[in-house]
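# Below: sequence and its predicted model.
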Amino acid sequence: MANSAAVTTINIPEVKLSSPTGDRKMPVIGLGTAVDNLDEAMKLAVLEAIKLGYRHFDTASKYGSEKPLGEAISEAVKLGLVTREELFITTKLWCTEAHKDLVVPSLQKSLRNLQMEYVDLYLIHCPISAKPGEKHQWPIPKEDLLPMDYKVVWESMEECQRLGLTKCIGVSNFSRKKLETILSVATIPPSVNQVEMNPVWQQRKLREYCKAKDIIITAFSPLGAKGASWGTNRVLDDETLKQIANAHGKTIAQVCLRWIFEQGATIVVKSFNKERIKENLEIFDWGLSGEDYDKINQIEQHRLMPIEGFVSPHGPFKTLEDLWDEDS
């Protein structure tokens with residue numbers, strides 16, 4: 001920790017989230033923690049990220065990373081690197097707990113794991129429920145998939161906010177059609193929709209819809225999740241993005257993150273490599289040109305994470321079209 005004074009902290013821009021308790025501010029870039037069995041590496045990465053300027057950390061009950069994240073943040077607070085009030089913490093409700101009477105207890109359990117009194121954002125992880133159970137299996141057994149009762153689950157999410165367990169609520173992996181269903185029953189509308197977004201899957205229609213509804217999009221897998229079990233090289237190996245990166249003297253990753261930032265979306269990046277953690281923040285003092293945009297708009301579009309595990313002939317979503325409502 002002796003070198004912490006030598007670290008240059010980058011000020012990360014913020015966006016305002018709609019909230020009945022007043023506008024909350026969310027950093028436009030955060031560090032994701034969807035990893036397996038890397039608790040110590042994650043703790044070190046979180047401490048390093050805080051020193052560099054990261055204030056948003058994204059986790060989920062499904063990830064199993066709430067406890068080590070909470071331990072890392074507790075240590076950072078004790079070291080005087082940051083206060084809890086300066087941080088923005090997101091966690092998520094898994095499918096097996098997306099039931100009327102399980103939502104509040106699930107968040108309370110997440111808060112115990114995080115050693116926190118509240119989170120800043122609580123998301124419905126996916127637009128589907130599953131048979132209740134302690135294990136967060138993936139893929140979920142097909143026979144356990146259940147249709148989500150959007151009305152009662154969202155009412156329970158709103159109760160989480162009213163109880164002060166979370167400052168804002170939102171969703172993840174929701175299409176326009178499914179967002180419309182939530183909005184039709186909501187007293188407190190969702191502040192955020194966290195979805196896959198990158199230059200290879202630009203989510204144009206969904207972005208337009210969310211902007212009109214004052215819902216902030218958070219992009220996960222902004223670089224294609226290279227190295228993940230379902231990840232792809234399609235983003236980081238794209239020739240158009242390589243050309244743009246070379247022209248600016250930047251990396252392809254920085255071009256992707258800058259493009260997402262310029263769309264008005266926020267970003268969750270995932271790397272525990274010290275240099276890449278820093279590199280991912282170096283996107284705020286330059287911009288893309290109109291010519292860059294013309295090239296990016298021509299990139300062939302592919303959804304990289306189909307989540308086929310939610311599709312079953314006997315489940316609520318019988319095809320990928322049912323799941324995604326053909327958003328693009």
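Noted; the coordinates are in hand.

# drop to CA atoms for contacts and neighbour counts, all remaining ones
Fine.

# Name the spans of the stretch 201-328 of the chain whose pLDDT lies under the cut-off.
Residues of the stretch 201-328 of the chain meeting the criterion pLDDT under 70: 225-231, 326-328.

# now the helices: where do they sit in it?
For the stretch 201-328 of the chain, the helices defined by DSSP state H, counting those that start in this stretch occupy 204-212, 239-248, 252-262, 274-279, 290-297, 320-324.

# Give the buried residues for the first one.
It refers to helix 204-212. For helix 204-212, burial by neighbour count (16 or more other Cα atoms under 10 Å) applies to 206-207, 210.

# same check, this time on the third one
For helix 252-262, burial by neighbour count (16+ other Cα under 10 Å) applies to 252-261.

# Repeat that for stretch 124-139.
For stretch 124-139, by 16+ other Cα under 10 Å, it's 124-130, 132, 136.

# Could you do stretch 267-282 as well?
267-272, 277-278, 280-282.

# thinking again about what came up before, possible to save the helices of the stretch 201-328 of the chain as TSV with distance to L165?
As requested, these are exported to TSV (distance: least, Cα to Cα, whole Å):
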stretch	distance to L165
helix 204-212	25
helix 239-248	41
helix 252-262	29
helix 274-279	29
helix 290-297	40
helix 320-324	30
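
# Relative to K43, which of these is closest?
Proximity to K43, assessed across the helices of the stretch 201-328 of the chain by Cα to Cα, is greatest for helix 274-279 (12.2 Å).

# same for that closest one, what does it pack against?
Counting contacts by 3 or more Cα pairs under 8 Å, 6 or more residues apart in numbering; DSSP states H and E, helix 274-279 is packed against helix 39-52.

# Strands along the stretch 151-300 of the chain, start to end?
166-172, 192-196, 216-220, 266-269 (DSSP state E, counting those that start in this stretch).

# Among those, which comes closest to K62?
With Cα to Cα as the yardstick, what comes closest out of the strands of the stretch 151-300 of the chain is strand 166-172 (13.1 Å).

# what angle sits between the closest one and strand 216-220?
60 degrees (axes from the mean of the first three to the mean of the last three Cα atoms, to 10 degrees).
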